[in-house]
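Chemist: got a sequence here, can you build the structure:
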Amino acid sequence: MRHRLVAVAAITTLAAVASVAAQQPASLRQAIDAAVAAPSRTPANSARDKYRHPAETLAFFGVKPGDTVVEIWPSGGWYTEILAPLTKGKGTLYAAVPSGNAKGVEALKAKDAALYGPIRVVSFPAAAGQAKVPDGTADVVLTFRNVHNWRMGYQQGGQDYSPEAFKQMYAMLKKGGTLGIEDHRLPESASDERETKSGYIKVSTVRRLAEAAGFKFVGASEVNANKADTADWPNGVWTLPPSYALKDQDRAKYAAIGESDRMTLKFRKP
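Modeler: Next up, the predicted model:
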């Protein structure tokens, strides 16, 4: 019976993914493909498309050129290099950065003011008095490989602040708006303790946090899955590329595995 229930759940999830994909117009995918192919992208970043599948990921999330898009913690701007040309002249792009850490976005602005200058930089999670995304204004909020950081208390003295992070993302979205999450996937059978040390996080944990904040689960995509990643490396997810925490030790082995196995989840604000 248990196996039958698992099979039914898997079929239901695949059906949800297929349904979402079927709703994407060809013009949307063309706009995303053009942004991914933009000549302004850094060649080293483009080389990682084979691991990160940006066109398929953004199409799954339904990001449109005219949207108000919030990128949570863009860091060096890997996805910013795609979202900026996608929304330029049509939508609005926010870069929500940890307080006082906008170096990546500022570097892009200095490099190409015409393309990256319009990006609105705000704080996240925003404390009282800090610039933030106005409540109820975003069509899409995206965060790539960050929920595990919030669980680990990164930049917050080791204290888990993921509930507050989801609360703030919920507030910034319009009704009907989309939350798109990609993160390193920890097997459900792993201990909860590994979520605070390995850089991986369980799908069930992400869903619990999102649904506790009020989000409704829409569907999941396996576009960023990597079956070669067993998620049990000596230095956590940072053992794999691009970090290579062990430096030259077994580097060829980890290069052959590639970047981590990742969940790609879509939620909606009712």
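Chemist: how about the helices in the chain?
Modeler: When assigned using DSSP state H, the helices of the chain occupy the ranges 2-22, 26-36, 43-46, 49-52, 54-61, 80-87, 103-111, 113-116, 147-151, 162-172, 203-212, 251-257.
Chemist: got JSON lines for these, with mean pLDDT, mean neighbour count and distance to residue 185 too?
Modeler: For glycine as for every other residue, the C-beta is placed from the backbone atoms N, C-alpha and C. What follows is these, written out as JSON lines (pLDDT from 0 to 100; neighbours: other CB atoms under 10 Å; distance: least, CB to CB, whole Å):
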{"stretch": "helix 2-22", "mean pLDDT": "44", "mean neighbour count": "11", "distance to residue 185": "14"}
{"stretch": "helix 26-36", "mean pLDDT": "95", "mean neighbour count": "16", "distance to residue 185": "23"}
{"stretch": "helix 43-46", "mean pLDDT": "97", "mean neighbour count": "12", "distance to residue 185": "22"}
{"stretch": "helix 49-52", "mean pLDDT": "98", "mean neighbour count": "15", "distance to residue 185": "14"}
{"stretch": "helix 54-61", "mean pLDDT": "98", "mean neighbour count": "22", "distance to residue 185": "14"}
{"stretch": "helix 80-87", "mean pLDDT": "98", "mean neighbour count": "24", "distance to residue 185": "22"}
{"stretch": "helix 103-111", "mean pLDDT": "96", "mean neighbour count": "16", "distance to residue 185": "25"}
{"stretch": "helix 113-116", "mean pLDDT": "98", "mean neighbour count": "14", "distance to residue 185": "31"}
{"stretch": "helix 147-151", "mean pLDDT": "95", "mean neighbour count": "23", "distance to residue 185": "10"}
{"stretch": "helix 162-172", "mean pLDDT": "98", "mean neighbour count": "20", "distance to residue 185": "16"}
{"stretch": "helix 203-212", "mean pLDDT": "98", "mean neighbour count": "17", "distance to residue 185": "6"}
{"stretch": "helix 251-257", "mean pLDDT": "97", "mean neighbour count": "12", "distance to residue 185": "14"}
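Chemist: who wins for proximity to residue 265 among these?
Modeler: helix 203-212 (6.2 Å; CB to CB).
Chemist: pLDDT at the residue nearest to residue 225 when sequence neighbours are not counted, what is it?
Modeler: Among residues not flanking residue 225 along the chain, residue 261 sits closest, at 5.7 Å (CB to CB, 6 or more residues apart in numbering). You'll see residue 261 listed with a pLDDT of 98.
Chemist: could you measure from residue 261 over to residue 218?
Modeler: 21 Å (CB to CB, to the nearest Å).
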